[in-house]
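Asks: Got a predicted structure plus its sequence, pasted below:
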Amino acid sequence: MSVIPLAGVLGHPVAHSLSPRLHGHWLARYAIPGHYVPLDVAPGDLAAVLAAMPRMGFRGCNVTIPHKQAVLALAAQTTERARRIGAANTLTFLPGGGFVADNTDGYGFAANLVRGAPAFRAFNARALVLGAGGAARAVLDALIEAGVARIALANRTRARADDLAAAFGPRVTATDWDEAGDRLAKADLVVNTTALGMTGQPPLNLPLDGLHAGQTVTDLVYAPLETPLLAAARAAGATVVDGLGMLLDQAAPGFEAWFGRRPEVDDAARAAVLA
Ligand code: NAP
């Protein structure tokens with residue numbers, strides 16, 4: 001009897017996660033007889049749940065808030081990029097027990113940027129990154145790996161930007177949030193990693209009149225798909241890349257590891273998530 005492969009996403013809460021819809025789409029599309037389920041797991045139960053999952057047929061899982069840092073300490077192995085970012089989002093159970101913890105957020109960010117802005121050249125570019133939370137760490141790692149020369153990092157709480165600049169080295173310079181408007185005009189690439197602009201959140205409180213043609217502007221917020229930042233960038237003639245593709249791209253390595261097939265990130269996958 002063949003075992004039905006299982007995977008899922010562990011979060012607390014987890015009902016909002018779009019990952020079950022995306023993986024469900026891919027499973028149906030490739031006629032793979034597996035399942036991907038949302039699992040609401042409280043922090044105190046995380047270790048016991050992860051220890052039990054392989055015995056139930058789970059090949060691996062995604063983890064989201066609040067478990068992304070905690071899983072590093074529980075992992076048998078961690079990838080280099082997960083260590084650099086200081087968090088993991090993709091776990092794969094090992095045949096001999098335990099799991100490998102990887103972080104595919106930076107990969108997803110970079111893959112989405114390449115697809116959405118094929119003319120953008122990261123090598124030697126100047127970037128402005130807004131925000132210094134967990135997502136910013138993955139974005140900084142991806143930009144440095146891609147060869148971006150200088151990264152200005154602006155955050156409302158300056159100390160968090162200083163901490164990230166210290167952690168990611170001399171290519172990253174922390175700046176005050178008030179200076180971000182000036183930095184905007186000088187950047188080849190602008191990345192919003194804050195939640196500002198998301199439905200229910202205030203818009204990005206920065207002067208956006210420095211945006212211009214020739215720049216690439218991307219937002220990690222994907223609800224709405226066209227945030228006020230992206231709308232302003234589009235109106236100014238810049239190339240814009242929405243955040244939904246990052247969500248799709250970060251999911252692809254996990255799906256391949258657990259279900260044995262690299263899934264397509266395309267309009268059908270986007271439509272499945274938006275449905
Ligand atoms: P986080 O760790 O909580 O960080 C939130 C960031 O937003 C911090 O830099 C915070 O600044 C800033 N911020 C929040 N409210 C602000 C305000 N009123 N004014 C100025 N700055 C404000 O969250 P995260 O995990 O990095 O996620 C950030 C966003 O990225 C979320 O919207 C999330 O949904 C999105 N995201 C998208 C993807 C994708 O696949 N597209 C992947 C990951 C995350 P302070 O430090 O000053 O608090």
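Replies: Yep, it's here.
Asks: Gly97 is in contact with Ala76, isn't it?
Replies: Yes: Gly97 lies in contact with Ala76 (CB atoms under 8 Å); the separation is 7.2 Å. No exception for glycine: its C-beta is placed from N, CA and C like everyone else's.
Asks: More neighbours: which of the two?
Replies: Just comparing Gly97 and Ala76: by other CB atoms under 10 Å the higher neighbour count belongs to Ala76, 12 against 9.
Asks: Phi first, then psi, for that one.
Replies: Here the main-chain torsion angles of Ala76 (degrees, to the nearest 10) amount to phi -70, psi -40.
Asks: Could you check how many residues crowd around the closest residue to it other than its chain neighbours?
Replies: Leaving aside its sequence neighbours, Ala76 sits nearest to Gly98 (CB to CB, 6 or more residues apart in numbering; 3.0 Å). Under the neighbour criterion other CB under 10 Å, Gly98 is assigned a count of 16.
Asks: Please tell me I have it right and Gly98 contacts Leu91.
Replies: No: Gly98 is not in contact with Leu91 according to CB under 8 Å; the separation is 9.8 Å.
Asks: Common neighbours of those two, please.
Replies: Contact criterion CB atoms under 8 Å, 6 or more residues apart in numbering; residues bridging Gly98 and Leu91 by contacting each: Ala75.
Asks: Give me the helices and strands touching whichever helix or strand His23 is part of, please.
Replies: Under the criterion DSSP states H and E, the helix or strand holding His23 is helix 19-29. Here helix 19-29 is seen to pack against strand 6-11, strand 35-40, helix 244-259, helix 267-274 when contacts are counted using 3 or more CB pairs under 8 Å, 6 or more residues apart in numbering; DSSP states H and E.
Asks: possible to save the ones you listed as JSON lines with mean neighbour count and distance to the ligand?
Replies: Converted to JSON lines, the helices and strands packed on helix 19-29 look like this (neighbours: other CB atoms under 10 Å; distance: least, CB to the nearest ligand atom, whole Å):
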{"stretch": "strand 6-11", "mean neighbour count": "23", "distance to the ligand": "12"}
{"stretch": "strand 35-40", "mean neighbour count": "18", "distance to the ligand": "16"}
{"stretch": "helix 244-259", "mean neighbour count": "22", "distance to the ligand": "4"}
{"stretch": "helix 267-274", "mean neighbour count": "15", "distance to the ligand": "11"}
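Asks: Count the residues that sit near Ala159.
Replies: Burial of Ala159, expressed as a neighbour count using other CB under 10 Å, amounts to 10.
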